[in-house]
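[1] Build the 3D model from these lines:
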Amino acid sequence: MGKHRSYKRFIGYSTAFRQWKADSHCSTLHGYAFCFKVWFEGELDDNGWVIDFGCFKRNGVKEWMNNMFDHTTCVSADDPELEIFEEMNDRGIIDLRVFEDGVGCEKFAQYVADYLNGIVQEDTDNRVSVYKVQCWEHNDNMAEYIVK
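    Alright, predicted model coming up:
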């Protein structure tokens, strides 16, 4: 017997970041209005749904997404200029988020997948899990993380 999938979009997160190791313009501070598309997979519930999208409101997902990505500046913990970003944060110039394992669409998709997967599994008693997350920079560029 197969499984069902559904997906939800989380849109409009104006996020600045830099990938300091890049040998391109991506090494400079830049930003996008991110859109995250999240696929859920599992058996249907008594309502015939893969997931009750109300679980995101009940579990503070919108607040978490806003806190992490809306008008924030995201840098890697190993960024050699981290002290400068921390000073700008302390002075109220940016709203800093430091990521231990790097930044960029690929990593952001993984962070969102890991976070949401825990919430979804708990809310559905492990009936549903996150299948994949896409992080869209704009209409042409996207990175995808598939949960194994």
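
[2] And the contacts of the longest helix along the chain?
    Using DSSP state H to define each element, the chain has its longest helix at helix 105-123. Helix 105-123 has contacts (C-beta atoms under 8 Å, 6 or more residues apart in numbering) with 10, 15, 34, 36, 38, 40, 51-52, 55-56, 58-59, 61, 64-65, 68-69, 74, 99, 101, 128-130, 132-137, 141-145, 147. Bear in mind the C-beta positions are built from the backbone N, C-alpha and C, glycine included.

[3] For PyMOL, what selects the buried ones among these?
    Provided next is the PyMOL selection string for whichever of the contacts of helix 105-123 are buried by 16 or more other C-beta atoms under 10 Å:
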select buried, resi 10+15+34+36+38+40+51+55+56+59+61+65+68+69+74+99+128+129+130+132+133+134+135+136+137+143+144+145
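
[4] mind listing which of the contacts of helix 105-123 are in strands?
    Taking DSSP state E as the definition of strands, these contribute 10, 15, 34, 36, 38, 40, 74, 99, 128-130, 132-136, 142-145.

[5] Might you list the low-confidence residue ranges for the protein?
    Filtered on pLDDT under 70, the chain yields the residue ranges 1.

[6] Not counting its neighbours along the chain, what's nearest residue 101?
    Once flanking residues are discounted, residue 101 sits nearest to residue 107: 6.3 Å by C-beta to C-beta, 6 or more residues apart in numbering.
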